[in-house]
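>>> This is a predicted model, with the sequence first.
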Amino acid sequence: MENETETEKLRPNLGEIFSLKNLLFLVVVLAIAGGAFYFMWEKRNKPIISDKSREDINISVPVTSVVKKTLFRDDQLPGEIDAYQDVLIYPKVPGFIKELKVDRGSVVRKGQLMVRMYAPEYLAKRHEAVAQVAAARASLAAEESKLQDLKAGLEKRRANLLADQSTYQRVYAASLVPGVIADNDVVQWAQTVKEDQQDVNQIIKRVNAQDHEVSMRKEEVDAMIKAFESFADFASYLDIVAPFDGYVTERKLHVGSFVGPDGTGAYPPICRLKQLDLLRIIAPVPEELVGGVILGSPVQFSVSSFPDKRFIGTVARISNNLDKDTRTMPVELNFLNPDYKIVPGMFTKIYWPSRRRSESLFVPVSSVVSTPLTTFVCKVVDGRIEWVNVTKGELMKDQVEVFGNLKEGDLVALEGSEELQNQSRVTPVGSPVNKNASP
């Protein structure tokens, strides 16, 4: 019983917990918490500026005009310098070098003797060809003599035939008178004329056959003479002359060396000749600039040997073909180099004049906004921003070439930004006067 009494004493008095005082305190706390929550919710969702007041706000935006002009700038391109002509000197026939009249650094003129060779096997063949031609000519002369003898015999047989025919005709005419000529004589003379005719025909066949033989021998002699002339040409091949005015840059062989015409590596070249008074400057022009290449236009370039000086070449050859790997087109410049100041292989910088054949539109670089989805400028029309999609072209100083729904004289924001919302009201500031702009 004592334990139950103590337990009852420890239990809270429900009447005291739900007293009027405690209930009023709870209501006040809940009211304060609800008011605070409502105030914070209203503050979070209430717009700072109403849509109506936003429409009335005008932002001052510095603007600039779209200008039209021709793209012209100098781009630095890496270039190559080559000799105008560059050849490896090989002989036309194999042989030994007998004389070598040039060395590295020699300046030669076109047609000047550079190398003299000795080819004993060709000389032996040439002597053999001479003997063969002489023998063929002697054989031809003998056959022609036989032909002449046969023709003389033919003429003799024809004369005998004519004489016998005349005699036969007289005998036959006399035999018509009875008792003057015996019939047997007429028959004998007729047989003689027939035999003479057969001899003439036989001699004619022999003459024709001999004439054909003579013709064949003449063709053989002509072929041998042509072969001999080729050996004579071989003799001229033993002297190697300079194909053009140039400078000997390499010497590979010496006197006594054996050399041949094979250029695959079996035989090395005797020397190397380059034309240095005229050079080829090869410029790799990027794809986007090939439309402005003009034949005959001057182009500046520099070399590391003369860093403070610029030289001028002239566009001479256009390949009209793009390299698929580099997307560039090789363009060659001609450069006169009479004093050999510049040599092939030098590192060069080419100051390529990039230009358009026609005018295009330009805006400041800062006016163009580029995003992952689009590229645009903020055009100002009747006090509102209008986003105009454009395609960027080439840079020229602090301006960029643009292509899109723009025209000369249009106003665009000097500092383009996505914050300048499309169709938002703005007040253009610093609008330049463009006389060429259309109204």
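Structure's in. What do you need? Numbers count the residues shown, from 1 in each chain.

>>> Just the endpoints, please. Distance across stretch 335-350?
13 Å (Cα to Cα, to the nearest Å).

>>> which residues are contacting it?
Residues outside stretch 335-350 that contact it (Cβ atoms under 8 Å, 6 or more residues apart in numbering): 76-83, 86, 247, 274, 276-281, 283, 299-306, 311-314, 333. C-betas here are computed from N, CA, C, even on glycine.

>>> so what are the domain limits for this structure?
Annotated domains of the chain cover 59-70+359-429, 85-119+239-272, 120-237, 276-355 [automatic domain parsing].

>>> ok, back up a step: just the buried ones out of the contacts of stretch 335-350, please.
77, 79-81, 83, 247, 274, 276-277, 279-281, 283, 299, 301-303, 311, 313, 333 (16 or more other Cβ atoms under 10 Å).

>>> Just give the closest residue to the residue nearest the centre of the chain, not the sequence neighbours.
Geometric centre of the chain, nearest residue: residue 319, 4.3 Å, by Cα atoms, centre = their mean. Computed as Cβ to Cβ, 6 or more residues apart in numbering, the closest residue to residue 319 that is not its neighbour in sequence is residue 330, at 4.7 Å.

>>> Hmm, residue 316 and the one you found touching each other?
No - using Cβ atoms under 8 Å as the test, residue 330 is too far from residue 316 to be in contact (12.0 Å).

>>> okay, the domains of the chain in JSON lines with mean pLDDT and distance to residue 25 next?
JSON lines is the format used below for the domains of the chain (pLDDT from 0 to 100; distance: least, Cβ to Cβ, whole Å):
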{"stretch": "domain 59-70+359-429", "mean pLDDT": "90", "distance to residue 25": "52"}
{"stretch": "domain 85-119+239-272", "mean pLDDT": "90", "distance to residue 25": "107"}
{"stretch": "domain 120-237", "mean pLDDT": "81", "distance to residue 25": "127"}
{"stretch": "domain 276-355", "mean pLDDT": "91", "distance to residue 25": "81"}
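
>>> now those in JSON lines, with distance to residue 30?
Shown next, in JSON lines, are these (distance: least, Cβ to Cβ, whole Å):
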{"stretch": "domain 59-70+359-429", "distance to residue 30": "44"}
{"stretch": "domain 85-119+239-272", "distance to residue 30": "100"}
{"stretch": "domain 120-237", "distance to residue 30": "120"}
{"stretch": "domain 276-355", "distance to residue 30": "73"}
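
>>> of all these, which lies closest to residue 36?
Checking those against residue 36 by Cβ to Cβ gives domain 59-70+359-429 as the closest, at 34.9 Å.

>>> Can you get me the centre-to-centre distance for the closest one and its chain?
Here domain 59-70+359-429 is found 40 Å from its chain centre; the criterion is Cα atoms, centre = their mean, to the nearest Å.

>>> follow-up on the earlier one: Provide a list of residues in contact with the residue nearest to the centre of the chain.
329, 330, 331, 332 are the contacts of residue 319 under Cβ under 8 Å, 6+ apart.

>>> hmm, back to that, for residue 414, see how far away the residue nearest to residue 319 is.
Using Cβ to Cβ, to the nearest Å, one gets 41 Å for the distance from residue 330 to residue 414.

>>> Please apply the same query to residue 24.
Applying Cβ to Cβ to residue 24 and residue 414 gives a distance of 66 Å.

>>> Who has more neighbours out of the two?
Per other Cβ atoms under 10 Å, whichever of residue 24 and residue 414 has more neighbours is residue 414, with 17 against 10.

>>> Is that one in contact with residue 365, as I believe?
No - contact criterion Cβ under 8 Å: residue 414 and residue 365 do not qualify, at 10.5 Å.

>>> Now, of the contacts of residue 319, which are buried?
By 16+ other Cβ under 10 Å, these give 329, 330, 331, 332 as buried.

>>> Just give me the closest of those residues to residue 401.
residue 329 (20.2 Å).

>>> The closest one belongs to a strand, doesn't it?
Yes - under DSSP: H, G, I helix; E, B strand; the rest coil, residue 329 falls within a strand.

>>> my guess is it meets residue 317, correct?
No - in this structure, residue 329 is not within contact of residue 317 by Cβ under 8 Å, at 11.2 Å.

>>> Checking residue 392 next. Helix, strand or coil?
strand.

>>> For it, give the beta-bridge partners.
Counting by DSSP bridges, residue 392 forms beta bridges with residue 402.
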